[in-house]
Each structure stands twice: as C-alpha cells, then as structure tokens.
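Enquirer: Provided below for reference: sequence and predicted model.
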Amino acid sequence: MLATSPLIINLIVVKFSVTLKRQAVPNPEMNSGDEKETKEYIKNLGIEYRFGCYSEKNPEACHLLGDYLDAIQKDMEKAMKVYKANCDDAAYPRSCFQYGRLLMRDKNITEQEKLDVAPSYFEKGCEGNHPESCVMNGIGQLIKAAGNQDTTLYAKER
C-alpha cells in the first residue's frame with residue numbers, strides 16, 4: 001500500500017490550485033459601460049449556449065451552457081446535469097472534469113458517494129486528454145491508496 005501523508009496530498013492540491021487560476025479576458029464588445037447592454041449581452045449568451053447545445057448538439061456549446069449556469073445563474077444543480085449529460089453522451093473531457101469537480105463540492109451527497117462516483121468522471125476526462133482531470137484522478141487514487149476517506153483535500157475550490 002502506498003503511504004501518502006496528508007501534507008503531500010495538500011501540497012499537490014495547492015500546486016494544482018495555483019495552475020488553475022485563470023484571468024478574465026475583457027470582451028471588447030462590452031466596453032460601453034452600459035449596465036442594461038451588459039445584462040442583455042449576458043442573457044443572449046445563455047440563449048446562444050442553449051441553442052447550440054440542445055438544437056445543434058454541439059458539445060462545446062453544452063459545456064459553455066454548464067459554465068453559464070454555474071457561474072452566471074449560480075444554479076449548480078442544473079449545471080451538473082448539463083456537464084454530466086455532455087460527459088456521458090458526448091464524452092466531452094472538460095465537462096467530465098467539471099461534473100466531477102462539482103460532485104466533490106456537493107453538500108447533498110455523502111463523502112463515500114463522492115469517492116465512488118467523482119473519480120470515474122475524472123478518469124473519463126483524463127482519457128480525453130484533459131490535464132486537470134488527470135491530476136484530479138491521480139489525487140483521488142492517492143487518497144484511496146492511503147485509505148483516507150476525507151475528501152476535503154480533494155474537493156477544495158480550484
């Protein structure tokens with residue numbers, strides 16, 4: 001059995017967290033400063049993503065819809081459904097990662113359920129060459145190998 005200390009796992013998670021930080025890129029179309037236009041633009045993004053996902057069956061649009069639901073509408077439950085479907089049906093690696101990540105943050109499921117379900121989605125994402133999925137898959141395997149049932153390190157906000 002692999003002996004892994006919580007400190008090593010924590011260092012891996014911290015290093016991984018730093019690599020995931022992304023900076024917002026300003027949209028040149030949004031420089032007007034008009035709040036009404038901004039709200040309309042954001043609303044239209046949701047419409048475009050829904051159309052692209054549900055009508056055109058475009059996996060990228062489905063993933064963006066999940067991002068929109070999670071970040072803009074703050075509806076984690078709907079976002080999880082979109083990510084899960086996009087991972088399961090279209091094998092879209094980024095959606096597999098996001099679904100696994102949100103599963104780990106979900107307070108409505110047990111720690112054991114998190115350890116049973118999320119790793120398979122990180123593994124699917126990794127198989128699709130998504131680097132963050134591979135890292136999370138590795139962290140999950142370290143936690144399991146160490147016999148640690150505490151998923152708080154695994155589930156930290158990235």
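Expert: Okay, I see it. Numbering: from 1, shown residues only.

Enquirer: Can you show me the helices along this structure?
Expert: With helices called from DSSP state H, the chain shows them at 6-20, 35-50, 59-67, 76-90, 93-105, 111-127, 131-145.

Enquirer: would you turn the ones you listed into CSV with mean pLDDT and mean neighbour count?
Expert: Quick note: C-beta positions are derived from backbone N, CA and C, even for glycine. Output for those, formatted as CSV (pLDDT from 0 to 100; neighbours: other Cβ atoms under 10 Å):
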stretch, mean pLDDT, mean neighbour count
helix 6-20, 44, 13
helix 35-50, 94, 13
helix 59-67, 98, 22
helix 76-90, 98, 19
helix 93-105, 96, 25
helix 111-127, 92, 19
helix 131-145, 89, 19
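
Enquirer: and Tyr92, backbone torsions?
Expert: Backbone torsions for Tyr92, taken as degrees, to the nearest 10, come to phi -80, psi 110.

Enquirer: Let me know the pLDDT of it.
Expert: Note on Tyr92: pLDDT of 98.

Enquirer: Can you give me the neighbour number for it?
Expert: Neighbour count of Tyr92, defined by other Cβ atoms under 10 Å: 25.

Enquirer: Isn't it up against Gly128?
Expert: Yes: if you go by Cβ atoms under 8 Å, Tyr92 and Gly128 touch, sitting 7.4 Å apart.

Enquirer: got a list of what the residue nearest the centre of the chain touches?
Expert: The centroid of the chain falls nearest to Gln98 when counting by Cα atoms, centre = their mean (1.8 Å). By Cβ atoms under 8 Å, 6 or more residues apart in numbering, the contact set of Gln98 is 63, 66-67, 70, 79, 83.
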